[in-house]
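> please work out how this folds:
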Amino acid sequence: MVCMMIYPTLVLARLSTPDAMSCLILLNAIFLIYSGRNKTLWVCLFLLAICTRLDNVVSELIFLFALWKWPVGGFLNKLNTKEFILMSLSLAGMALLVNLAATHHFFWFRDPDFSEPPGQYLKDVTLYFFVIPGSFFMYLLVLFIFSGFGRGFSWKQEVNYLFYTVCAIVFVRFLLYPFYEERYIAPYLLFSLLTICSYYAASGNRTKTAG
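Model prediction:
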């Protein structure tokens, strides 16, 4: 209920864009990854998410890289090099197909309508740094820091590693498109919030069991 009432979800509810569907698909996919479900299932959801929003391919490739570099052995969805390459090529191929099928021409991003005047990138960066302190991502970062004092900040801790992956997604999107809108990263924000809560819920259950 809390996740339904926080800002990123409320924004999705009032948009006519496919962001809500994209969030639903990606949130399910990364929870299947986290719970160790079959790789074929969540890869299919990743492919479907690209059909919903073409730019999802960027965050998905970052997530695949994180799974490839997963720091602790034994995680069921850790990728070996062959799986990482094949899945990355599959996602890139799907993005190319969607781009070819759903746009007027393949190099649509070179149209004058999508170009920006010189210096606009720096103006967007400046605006980005004004907006992000009041964003839900910043609140989540504060929650992560305060909650991390109890469990530590080691990147080998699952919760920490996944949050660092989300931070990498935010940073890469900033480099490519420095215009902050949480509808683009809503599934990752919700996932981070739920994994932090799940970690402490599991810790509380273990404490009760030990007691």
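
> contacting residues for the most centrally placed residue in the chain?
Closest to where the C-alpha atoms of the chain average out (C-alpha atoms, centre = their mean) is residue 188, at 3.8 Å. Taking C-beta atoms under 8 Å, 6 or more residues apart in numbering, we find residue 188 in contact with 26, 30, 59, 166, 169-170. All C-beta spots, glycine's among them, are computed from the backbone N, C-alpha and C.

> and residue 129, which helix or strand is it part of?
Applying DSSP states H and E as the criterion places residue 129 in helix 120-131.

> only alpha carbons, please: show that helix as CSV.
Provided in CSV are the C-alpha atoms of helix 120-131 (Å, rounded to 0.1, in the frame of the first residue of the first chain):
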residue,chain,number,x,y,z
GLN,A,120,21.6,23.2,-23.8
TYR,A,121,23.3,20.0,-22.3
LEU,A,122,25.0,22.1,-19.7
LYS,A,123,21.8,23.9,-18.9
ASP,A,124,20.0,20.5,-18.5
VAL,A,125,22.8,19.4,-16.2
THR,A,126,22.4,22.5,-14.0
LEU,A,127,18.7,21.9,-13.8
TYR,A,128,19.3,18.3,-12.9
PHE,A,129,21.3,19.1,-9.9
PHE,A,130,18.6,21.5,-8.7
VAL,A,131,15.8,18.9,-9.1
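
> please shift the residue numbers so they start at 6 in all later answers.
Happy to do that; since the first residue is 6 now, the last one works out to helix 125-136.
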